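Student: Sequence plus the predicted model coming up.
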Amino acid sequence: MTNFKSTSLGFFTAVFILTITTSAQVQRGHTNNSKFKQLYDQFADPNRYHNASGAPGVDYYQQKVDYLMDIELDDAASKLYGEETITYTNNSPDQLPYLWLQLDQNIRKSDAPNLEKNSAGNSVTVRPSSFVSDFINDPFDGGFNIEWVTDEMGKALKYTINQTMMRVDLPEAIAPGQTYVFNIKWWYNINDHVEKRGRSGFEFFPKDGNKAYVIAQFFPRLCVYNDVEGWQNYQFWGNGEFALEFGDYQVNITVPSDHILEATGSLQNPKDVLTRQEYKRFQESATSFDKPVIIVSQEEATVKESGFSTKKSTWKFKAINVRDFGFATSRKFIWERQAVQVGFKKVMAVSLYPKEGNPLWEEYSTKAVLQTLKSYSKYTFDYPYPKAVSVHAKNQGMEYPMICWNYGRPDEDGTYSDRTKFGMISVIIHEVGHNYFPMIVNSDERQWGWMDEGLDTFMQYLAEQEFGERYPESIGALEKYPSRRGDPQKIVPYMAGDQDFISPIMSNPENVFQLGPNAYAKPATALNILRETVMGREVFDHAFKTYSQRWMFKHPTPEDFFRTMEDASAVDLDWFWRGWFYSTDVVDIGVKNVKKYYFSDEPDLKAKERFESYGYDLKDLPNLVFKIDEESDSFDPKVAAQNAVDGSKILKEYLMEEGLPSSAVPPKYFYEVEFEKPGGLVMPLIVEYSYADGTTERVTYPVQLWRKNDASVKKVIASDKELVGVTVDPDLETADVNADNNSWPKKESASDFDKFKEKIKG
Amino acid sequence: MQILILVLNFVLASLFSPEFQTHKFYVSTTEVELKKETKTLQVTAQFFTDDLEFLLRKNDNSIKLDPDSNQKQIDSLLTEELKNKLQFSSKNTVFEFTFLGKEYRNDVSLCYIEIPLEEIPEKLEIKNIFFFDIFEDQQNIIHFKSQGIRKSFLLHSDKETVTIELNK
């Protein structure tokens, strides 16, 4: 072995001198461009508010905003009126001379700038529907009408509205630790959310003349003030959702007395607003753990449709530590509730739907709510609120604390396809799941859509799979629940797309080309790959839970997520965040070449030439052993068929001198396997080796394999079995965009087209 | 009569106004593979089944896909839509194609089309305006593949066609 060492040293010295002398030109230097470099250049510095481990720092603070509101619905005129008293507590170390409030309804003002946010383009087609809305119909008269803003004593306060934001100027700045109370009175025209789009509004049912309301973003709400952005007053342009403060709500909502209403928070006066029979069922449902109790049946709701009561009822709700408030109301609503045990707490799983949702909704809505609470709580924290409500709105899915709207409507004859069914179950899981992200783990949705949509879509995948296992009858003959997002292979068409139309995940939701894959599917898939392939379930799950629990009822940043995932796992993931979240690179790893070789005492032509070029005479050198591979001029298939060391006397003698036990037989075959990486992303290299005897071996090389050579790496396989096949990423778990280079010997995987053609041939 | 048709169109349009779902996004993916040895284009167009059903119901509101209410009727309507909206051409000549059939996979429909070429043209133009008339935000992704070469394009209402040089 000593011989080998001295020669290789001499050899490297020769290479070194050669490089120096032939470098006539000076090569340009560069900064650190390693894909494994730490992310200091991208991350905000840790500080006393957000610390380096990804947890809230010692000086972390958060404002508290409490609301007392009286709301009234004018059903006939589709108008909503409100008066609110806001108690603002300044927990920041800063003086606040003014407050910013969100006026999201202003996106519906007839002159709202968001109507002009997109280019008209040079399309040659005109959609008849947009022709009508663009050039014929009067624009909808939406947006807040602010009647007044006053202080606690009723004295008018100066306010200024800039698009969807309202600044209230205070006579004196609010000092740290101080509380300020003020009032706002407002009203607005409610839009038809089916025709005019939107996350809030009513659906009109022409057959019976009723409306079903799903109401949200309906009152002026305080913006977040924090150490990261100061006032979070990025305008609402329609895509980036909401960033809000936590607080306590007391809300009284007056609606026609024949309406059934659900909202964020606990109902304080069920006896006042329900009939005696409804109240009895309402009470029963609180202990009904095995099935839902129907409080208002389809029959009862249908009878009410023609009533149009002129009397009014006021529903009173109280919600503790929520960041928003939403409600749904109609006389068409069927209402069911079931109790479910989550940790030490009892939670009510609730569904609210018009008869148009049946028979689908009575079958699956409450089940989906239940499953979400169970699955998400297992991976994050026990659901802390008293209830979770799923409301049926015709064609939207949207989330608020404790309440959400979901699509999934059967055809008029009551039949529905599997698509409608799975679409409905999935959207309920997704929207109820949003209680965890961002209603409780309260990231800034307006700035970072992926932090709630991506994390929620990832969790949705796990919950859907568990739904399929718990209710096998719901998936019928399918092997597992048909999740739309999460499976690595499903993100390939997006990631392999035209780079001019792809943005990194770390982009504002307004500025991406395809929000669906960008903020939902790609981050969800990335997390799924982290869990299954990079970190392993146990390590990942602990880190993910740590992040969730650290930031419950707080405002985390992307760095807090990235840092916590590393801090709680001891897995350096800066390479993963850089590649998957900060870039648009793709995975493409393949096997380039496989060469069989054996050992010989005689050099082949290539070795001779190389030594000659360095000015060495082989005779002067000590004993050497040479690798003879399949491409070599001296390759002899007969020698190759024997044990690989048989052709080298020097090696055999050396092995004997070393006194190896006779049982230690050197491997028979040697192969050099070269892997290539045309894709920009680094990933662990997962390889399946197949041998002539029919056996296979799975090896996962760590991602660090790529740290010194980003284009190709080699591995030596020494085995007693003949190697007959190499497959990279055999289970398609890395979202590799090109499978054509994934196997040796090369085989082009049959495309969907080929398979279909084969199938129709019979 | 002209005016009447226009008005009718508007009524229909409001019935079929684009359904907006906050969490729904309009994308289709079409894989195009040029097989030089057999001089054929193999096309797999993938659409969300909901979108396709919505489109076909313009003709007949009782149409249902997966399972199909009437496969013959649906395939014939679909062939017509494909002919009008997904076109492969060269030098202003649109190639004829054969619609081989379709498959459903979860919530998507895969439509298979084969196009025999007399000779391989220098430039291939692909036009895909599927759903541009009904969904404002529709985007159609094209993945082109030929002998190991891969290219991807995104078509939307501002960009309805793409031209690919085949000799490169």
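Tutor: Yep, it's here.

Student: give the contact list for residue A:597.
Tutor: A:627, A:628, A:629, A:630, A:632, A:644, A:670, A:671, A:672 (CB atoms under 8 Å, 6 or more residues apart in numbering or on different chains). Glycine gets a C-beta too; all of them are placed from N, C-alpha and C.

Student: quick one: it and chain B, what's the gap?
Tutor: 28 Å (CB to the nearest CB, to the nearest Å).

Student: Next: residue A:186.
Tutor: 24 Å.

Student: What separation do you get for that residue and residue A:168?
Tutor: 13 Å (CB to CB, to the nearest Å).

Student: Show me which residues of stretch A:713-730 are buried.
Tutor: Buried residues in stretch A:713-730, defined by neighbour count with 16 or more other CB atoms under 10 Å in any protein chain shown: A:713, A:715, A:717, A:721, A:723, A:725, A:726, A:727, A:728, A:729.

Student: ditto for stretch A:355-364
Tutor: Neighbour-count burial for stretch A:355-364 [16+ other CB under 10 Å]: A:355, A:356, A:357, A:358, A:360, A:361, A:362, A:364.

Student: Kindly report the same for stretch A:192-208.
Tutor: Of the residues in stretch A:192-208, those buried (16+ other CB under 10 Å) are A:193, A:194, A:195, A:196, A:197, A:198, A:199, A:200, A:201, A:202, A:203, A:205.

Student: With chain B in mind, check whether that stretch reaches it.
Tutor: Yes - using CB under 8 Å from any CB of the partner chain, stretch A:192-208 reaches chain B at A:195, A:197, A:198, A:199.

Student: Alpha carbons of that stretch, as CSV, please.
Tutor: Output of stretch A:192-208 as CSV, limited to C-alpha atoms (Å, rounded to 0.1, in the frame of the first residue of the first chain):
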residue,chain,number,x,y,z
ASP,A,192,-73.8,38.1,-5.9
HIS,A,193,-70.7,35.9,-5.4
VAL,A,194,-71.8,33.5,-8.1
GLU,A,195,-72.1,36.1,-10.8
LYS,A,196,-69.8,38.9,-9.6
ARG,A,197,-67.2,36.5,-8.2
GLY,A,198,-65.5,37.0,-4.8
ARG,A,199,-64.9,35.3,-1.5
SER,A,200,-68.0,36.8,0.1
GLY,A,201,-71.6,37.6,-1.0
PHE,A,202,-74.8,35.8,-1.7
GLU,A,203,-76.1,33.1,-4.1
PHE,A,204,-79.6,33.8,-5.5
PHE,A,205,-81.9,30.8,-6.0
PRO,A,206,-84.4,31.8,-8.7
LYS,A,207,-86.7,28.9,-8.1
ASP,A,208,-87.7,30.0,-4.6
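
Student: Return the subset of the buried residues of stretch A:713-730 lying in strands.
Tutor: A:713, A:715, A:717, A:723, A:725, A:726, A:727, A:728 (DSSP state E).

Student: Run through the stretch 651-762 of chain A and note the low-pLDDT ranges.
Tutor: Within the stretch 651-762 of chain A, the segments meeting pLDDT under 70 span A:662.

Student: With chain A instead?
Tutor: In chain A, residues with pLDDT under 70: A:1-24, A:120-137, A:662.

Student: Let me see the domain layout of it.
Tutor: Annotated domains of chain A cover A:64-117+A:130-270+A:312-330+A:353-447, A:587-744 [automatic domain parsing].

Student: Buried deepest among the ones you listed, which one?
Tutor: Among the domains of chain A, domain A:64-117+A:130-270+A:312-330+A:353-447 has the highest mean neighbour count (mean count of other CB atoms under 10 Å in any protein chain shown), at a mean of 20.

Student: Just confirm residue A:586 contacts residue A:496, I think it does.
Tutor: Yes - here residue A:586 reaches residue A:496: they are 6.3 Å apart, a contact under CB atoms under 8 Å.

Student: Just the C-alphas of stretch A:632-649, formatted as CSV.
Tutor: Provided in CSV are the C-alpha atoms of stretch A:632-649 (Å, rounded to 0.1, in the frame of the first residue of the first chain):
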residue,chain,number,x,y,z
SER,A,632,-10.0,0.0,-23.0
ASP,A,633,-8.0,-1.4,-26.0
SER,A,634,-6.7,-4.2,-23.8
PHE,A,635,-10.1,-5.3,-22.4
ASP,A,636,-10.3,-9.0,-22.6
PRO,A,637,-13.9,-10.4,-22.1
LYS,A,638,-12.4,-13.8,-21.0
VAL,A,639,-10.4,-12.1,-18.2
ALA,A,640,-13.4,-10.0,-17.3
ALA,A,641,-15.5,-13.1,-16.9
GLN,A,642,-13.2,-14.3,-14.1
ASN,A,643,-12.8,-12.6,-10.7
ALA,A,644,-11.7,-9.0,-11.2
VAL,A,645,-8.5,-9.4,-9.2
ASP,A,646,-7.4,-12.6,-11.0
GLY,A,647,-5.8,-10.6,-13.8
SER,A,648,-3.4,-8.9,-11.4
LYS,A,649,-0.6,-10.8,-9.8
